[in-house]
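A.B. asks: Build me a model:
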Amino acid sequence: MHKKIFVSVLALLIGFGLYCMKPTYAMATEKIPFTAEYIQQLNDDDFINTVIRYAVDKENEGVEFKDVQEALNTVGVKVTKSESLLKGSSDVKHTVYITHRAGQSYYYLTAGVTANRKLSDPGGEDAISIEWEASKASYYSTTEGQYTTYMDGTNRLKGIVMFNLDDSKLNAADKYAYCSVRVVPKVSGKWIEVGSKYVHTYSVTNYSWTLGSTFNYSSTGPAGGLSYSVTGTPASSSWQTYADNAFKA
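C.D. replies: Now for the predicted structure:
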């Protein structure tokens, strides 16, 4: 009898030990679907599209962002993110990513909007900016990402680029849109502020974004440079969010 009890207890202890040894879900190196060599041969547009889609898709699957960071770091990619604290709506998550590829002098500043659910009452194309401290980083180039198009770059040398975002594409949970700008740091060892304002319009669809008519630039950007404000028709039928981040070169 005692022998049977001993054997049963031993089996339970062994089983418990094996359970404890099971790894928690983490982004092991072999789970990332590309190599450092693959990352290095991508052009700038394909690189940021690959990285952002990977990061967003994994988070939508429930993977923690720190695990995404660790996985990307194994292939020579560093990425941070910061989400909006001023939420205009619970419909979306507004995020600013800062990405760097090993061996490059410039950084990728990316603004992303992910639907938590289908956007209620979508209007015309939304507006989204990428903003940065122009005194500390200079404009290099732009990438139109998923569901975004280049809208205005007249002040790109002053630290802001504007995009349109097609909100009709955010028609289900986890659908996302993003756009990106590349900048070259002018300083080292100092924080460079980055930001993004997202303005979602609803109901009204018979207008287009026009500088001086539906939006204007302002010198009050939280990132230390220019930002923008909406005027006219979209001002009365819209809400907005702002997200920011920072990096040291």
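A.B. asks: Only C-alpha atoms from now on, for both contacts and neighbour counts.
C.D. replies: Will do.
A.B. asks: could you point out which element follows the helix or strand of the chain with the lowest mean pLDDT?
C.D. replies: Here the helix or strand of the chain ranked lowest by mean pLDDT, DSSP states H and E is helix 2-21, holding a mean of 40. Where DSSP states H and E defines the elements, the next helix or strand beyond helix 2-21 is helix 36-41.
A.B. asks: C-terminal to that next one, what's the next element?
C.D. replies: Criterion used, DSSP H and E; the element after helix 36-41 is helix 44-60.
A.B. asks: Pull out the buried positions in that following helix.
C.D. replies: Neighbour counts over helix 44-60 (16 or more other Cα atoms under 10 Å) mark 44, 47-49, 51-56, 58 as buried.
A.B. asks: same question, stretch 229-239
C.D. replies: In stretch 229-239, counting by 16+ other Cα under 10 Å, buried: 230-231, 233-234, 238.
A.B. asks: Among those residues, which pair sits farthest apart?
C.D. replies: The distance between the two most remote of those (Cα to Cα) is 10.4 Å, for Thr231 and Ser238.
A.B. asks: returning to that earlier point: which ones among the buried residues of stretch 229-239 lie within strands?
C.D. replies: When DSSP state E defines the strands, the subset of the buried residues of stretch 229-239 inside them is 230, 238.
A.B. asks: Distance to Thr214 and pLDDT added to the buried residues of stretch 229-239, as CSV?
C.D. replies: Shown next, in CSV, are the buried residues of stretch 229-239 (distance: Cα to Cα, whole Å; pLDDT from 0 to 100):
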residue, distance to Thr214, pLDDT
Val230, 6, 86
Thr231, 5, 82
Thr233, 7, 71
Pro234, 7, 73
Ser238, 12, 82
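A.B. asks: Which secondary structure element is home to His200?
C.D. replies: If you go by DSSP H and E, His200 is part of strand 191-201.
A.B. asks: Beyond that strand, next helix or strand please.
C.D. replies: strand 215-218.
A.B. asks: Who are the packing partners of that next one?
C.D. replies: For strand 215-218, the elements it packs on are strand 227-230, judged by 3 or more Cα pairs under 8 Å, 6 or more residues apart in numbering; DSSP states H and E.
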